[in-house]
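*Asks:* Please find the sequence and the predicted model below.
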Amino acid sequence: MQEGAVLEVRGICKNFPGVRALQGVDFTLREGEIHALMGENGAGKSTLIKVLTGVYTKDDGQIFLKGHEGPVHIKSPEDAQNAGISTVYQEITLCPNLTVAENMYIGRTKGPFTNWRAMNRRAGEILRSLEIPASPTQQLGTCSIAVQQMVAIARAVDMECKVLILDEPTSSLDEQEVRKLFKLMLDLKAKGVGIVFVTHFLEQVYEVCDRITVLRDGQLVGEYVIEELPRVQLVSKMLGKELNDMAALDKGETVSEKEDRGVPVLEAHQLSSTEGIKPFDFQIYKGEVNGFTGLLGSGRSECVRAIFGADKTTGGTVKVNGQEVSIKKPRDAMKYGIGYLPEDRKRDGIVGDLSVRDNIILALQVLRGFFRPISRAQAEAYADEYIKLLEIKTASSETPIKALSGGNQQKVILARWLLTNPNYLILDEPTRGIDIGTKIEIQKLVLKLAAEGKSVTFISSEIDEMLRTCSRLLVMRDRKMVGELTGEDLQQDKIMATIAGGESAS
Amino acid sequence: MTSVKSKQQGSVLTQKLHSKRQLFIPIAALLVLILVNLINDPSFFAIKVGTNSTGDPVLSGNLITILDNASELAILAIGMTLVTAASGGQDISVGATIAIAGSVVLRVLCGTEARPETLQAPIIVAFLVCCVVSMLFGAFNGALVAYFKIQPMVATLILYTAGRSIAAWINNNALPIISEPSFAYYGNFIPGIAIPTPVFIAIACMIIIALVLKFTTLGLYTQSVGINPHSSRLNGINPEFIKFITYVILGLCVAVAGFIKVSRFSTINYSVVAKDIEMDAILAVALGGNALSGGKFSMAASILGAYVIQFLTTTLYTFKVDSSALPAYKAVVVIILVVLSSPVAREKMAKLWKKVAPAKTAKEAN
């Protein structure tokens, strides 16, 4: 083992049917460092983490840990915990109906003999020392996602972990919450914990990390000290090619500044829903790309869900091509040529056990109706067409969609809606948790659709992505539409100011 | 390039094998049962031509018995598979609702008389009324599960408990007997045809469900709803309605099975008829390798599972197992089969298979 290393991985291999997920990967984590693990979707990051945490068993290779003679064998998540490797996953894996303290000590209590008071006191101390704004007796579900994540970290800290793996911890946090998390990470770093940080946000990597290990297609590309690897270099290493695409996309003809835009494809007036958004007005024209922006929880998704009929509307009117219509359920919206790619891919998007083929044809099939099933051969043809068109990486169209990586799952959902040939497509966070290459592909696709005369509403947490695609931005704050920006106003600082509110804009 | 393509073909092959593998367990179980009987007594498989009570020539033998007796179970397995797939739970009231269905048939045919000389209504009317009533009870279960979101097992527990009393109440607790011979055709033999009628009815049901699955999207919708109701809804499917409708379909299956049951005996015993058949129906679904938590299903495997269960029962009888001890023996066999068909065991077996035949898989990979 190298001097100062807490975790060393040599020549790890892991194969899945048809995929060689990891091929002889090396990885070294030193004491008191934050080490970014970077790569596109399907590069093998998740697989490596799952091998380290005992979710998968490795096919070949060795893992060394500080304080252990010789290679260690991690066969289960329990083994990993006992060896001092703790993981906080992207999705919270704690129990929302238990208290914060119970969550921190879950699996370590003594059943009926637990000294609850001592446990709560101890939990309170840890929370205070890490400055986590939660009370030990509070139900975890009542905390914000960020605090829940921090509680998960606090749990890991209390178990005296030497290695802390954070798998996309920031993807559902807003800016302030990310700050708090980083502070916590730096505290832990100072205490000598080695942190593996997996994220898609380049800025965050350059903000807190010391080193970067890049993976690509299951192979190690290299390990770099952060100062020696500028961003552009990192991106090109991840993609395996020199990248010119990173330059701003050409918005081309889609910016329709013309006054005469005809009748809106969709127009909502004083629309509100059961999800507590304030009544809002909205319209989108043919060939236009607009977007909702705002902080997480500002009501962006709720607006588009109301338009699509995914949530129950409580007031307001909707016009499609100038005709007043009633959209009560998603099926109604689909009939008017509206498609909706939901924010939560796992919960609302994919149908996990079904094949890629069935997932692609699902929406079209529903539109055709119960008594007109798409024939097997036709479905096969549709699936093959879109797998090719969107370059979906899958073993076959028979593969269950859950076996695909996140980005490819997202492409399948996109294919599902493209297949229905919608006039108006709503994309809610289509690029979340997706590698840069795919992100750009999706952005290009959006612009292509607009050029074909379709209308798109695009929602993203990344403002520069919105700037690249949208010609009009609707700004949300506290479940209320607070502004509309077009043309000259479409600038990062202007948007920020609108999001933040009038007071801080001056 | 070519290597990529052949690799893809290889995995397509494994995928196809995987879906075939679901049929593998019931088929293997059937083969084992056949083998055991061959060794024990090959005459088990003998089919003789005999005469039945009415003097017509009919086929008889264990195989015919199995095909005949499994009919109700196979029909129920169809509905149970759909219910399981869509709602991720099972209907445990089917035995009790068969009693209701049967009771309705008798009530319509007999009116208020206990032993009518002539039927009070055409048989087809009795059958249709029985279908409507059973579907209404199915709708009751379905509404509780789909719209009130009650766990299927709890929701159907209501009729499981109350069903046989309701059945008795329909006929004022009387046990009418039908003497009209044409009514017995459906559960026994039609004169001149040597194969029991229930076999044909079961086959007809299978053909109907095969056509329904082919010419409607019921299969895709039930699986989609069972796997992820949220995304199903956002794709325009009405998950509640799909769940509801599967229970109504099961109600129809119950009606057919109940009709066969009363036709077999020309009467009914409310507390005994189709007793514990719900467990066998659930077992048939499980034996077919379908997840009882819902989602993907194979209809063929479930139906095959039903026949395997009947084959097992008949085999145990030929081994002179006492009928009171039968469930215990059955349980042992069931444990083995269910464990073998569980995903965990299947994965282990797949790994084992890989080790046994590494050369073959290597070839496939290249």
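*Replies:* Arrived safely. Numbers count the residues shown, from 1 in each chain, chains lettered A, B, ... in the order given.
*Asks:* C-alpha only now, for contacts and for neighbours.
*Replies:* Will do.
*Asks:* Would you double-check that A:Val51 falls in a helix?
*Replies:* Yes: applying DSSP: H, G, I helix; E, B strand; the rest coil, one finds A:Val51 inside a helix.
*Asks:* That one: neighbour count?
*Replies:* Neighbours of A:Val51 under the rule other C-alpha atoms under 10 Å in any protein chain shown: 24.
*Asks:* That one contacts A:Thr57, doesn't it?
*Replies:* Yes: when contacts are counted by C-alpha atoms under 8 Å, A:Val51 is listed as touching A:Thr57 (5.8 Å).
*Asks:* intersection of neighbour lists for those two?
*Replies:* When contacts are counted by C-alpha atoms under 8 Å, 6 or more residues apart in numbering or on different chains, A:Val51 and A:Thr57 have A:Ile74 as shared neighbours.
*Asks:* all helices of the stretch 251-366 of chain B, in order?
*Replies:* Along the stretch 251-366 of chain B, the segments classed as helices by DSSP state H, counting those that start in this stretch run B:277-287, B:299-318, B:326-341, B:343-356, B:358-365.
*Asks:* Tell me which of these is the most buried.
*Replies:* Of the helices of the stretch 251-366 of chain B, the one with the most neighbours on average (mean count of other C-alpha atoms under 10 Å in any protein chain shown) is helix B:277-287, at a mean of 25.
*Asks:* For that helix, give the mean pLDDT please.
*Replies:* For helix B:277-287, mean pLDDT is 91.
*Asks:* helices and strands around that helix, which ones?
*Replies:* Secondary-structure packing of helix B:277-287 (3 or more C-alpha pairs under 8 Å, 6 or more residues apart in numbering or on different chains; DSSP states H and E): helix B:71-87, helix B:94-110, helix B:299-318, helix B:326-341.
*Asks:* List the buried residues of stretch B:111-129.
*Replies:* For stretch B:111-129, the buried set under the neighbour-count rule, 16 or more other C-alpha atoms under 10 Å in any protein chain shown, comprises B:111, B:116, B:119-120, B:123, B:126-127, B:129.
*Asks:* can you give me the end-to-end distance of that stretch?
*Replies:* 13 Å (C-alpha to C-alpha, to the nearest Å).
*Asks:* How far off centre is it?
*Replies:* With C-alpha atoms, centre = their mean, to the nearest Å as the basis, stretch B:111-129 stands 27 Å off its chain's centre.
*Asks:* Under the pLDDT cut-off, which ranges of the stretch 251-400 of chain A? List them.
*Replies:* The stretch 251-400 of chain A contains residues with pLDDT under 70 at A:251-260, A:295-297.
*Asks:* Go again with 50.
*Replies:* A:252-258 (pLDDT under 50).
*Asks:* Kindly report the same for the stretch 101-250 of chain A.
*Replies:* For the stretch 101-250 of chain A, residues meeting the criterion pLDDT under 50 lie at A:243-248.
*Asks:* in it, what residue is nearest chain B?
*Replies:* Chain B sits closest to A:Asp217 of the stretch 101-250 of chain A, with a gap of 15.0 Å, by C-alpha to the nearest C-alpha.
*Asks:* contacting residues for that residue?
*Replies:* Residues counted as contacts of A:Asp217 (C-alpha under 8 Å, 6+ apart) are A:21-22, A:42-44.
*Asks:* Got the domain ranges for the chain?
*Replies:* Using chain A. What automatic domain parsing lists as the domains of chain A is A:5-239, A:263-336+A:422-506.
*Asks:* ah, no, chain B please
*Replies:* Here the domain parsing of chain B from automatic domain parsing is B:54-320, B:326-366.
*Asks:* mind putting those in JSON lines, distance to A:Lys189 included?
*Replies:* Listed next are those as JSON lines, based on distance: least, C-alpha to C-alpha, whole Å:
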{"stretch": "domain B:54-320", "distance to A:Lys189": "40"}
{"stretch": "domain B:326-366", "distance to A:Lys189": "40"}
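*Asks:* Just name the most buried of those domains.
*Replies:* Neighbour counts (mean count of other C-alpha under 10 Å) averaged over each of the domains of chain B peak at domain B:54-320, with a mean of 22.
*Asks:* Centre of the chain to that one, how far?
*Replies:* 7 Å.
*Asks:* Kindly check the end-to-end length of that domain for me.
*Replies:* From the first residue to the last, domain B:54-320 extends over 29 Å; the measure is C-alpha to C-alpha.
*Asks:* just to revisit the earlier point, which one of the helices of the stretch 251-366 of chain B has the lowest average pLDDT?
*Replies:* Of all these, mean pLDDT reaches its minimum on helix B:358-365 (a mean of 48).
*Asks:* Pull up the residues of chain A that are close to chain B.
*Replies:* Within chain A, the positions adjacent to chain B are A:17-18, A:310, A:329-332, A:334, A:340, A:347-354, A:358, A:362-363, A:365-367, A:370-373, A:395-396, A:398-399 by C-alpha under 8 Å from any C-alpha of the partner chain.
*Asks:* and B:Leu292, what does it touch?
*Replies:* Contacts of B:Leu292 by C-alpha under 8 Å, 6+ apart are B:84-85, B:88-90, B:285-286.
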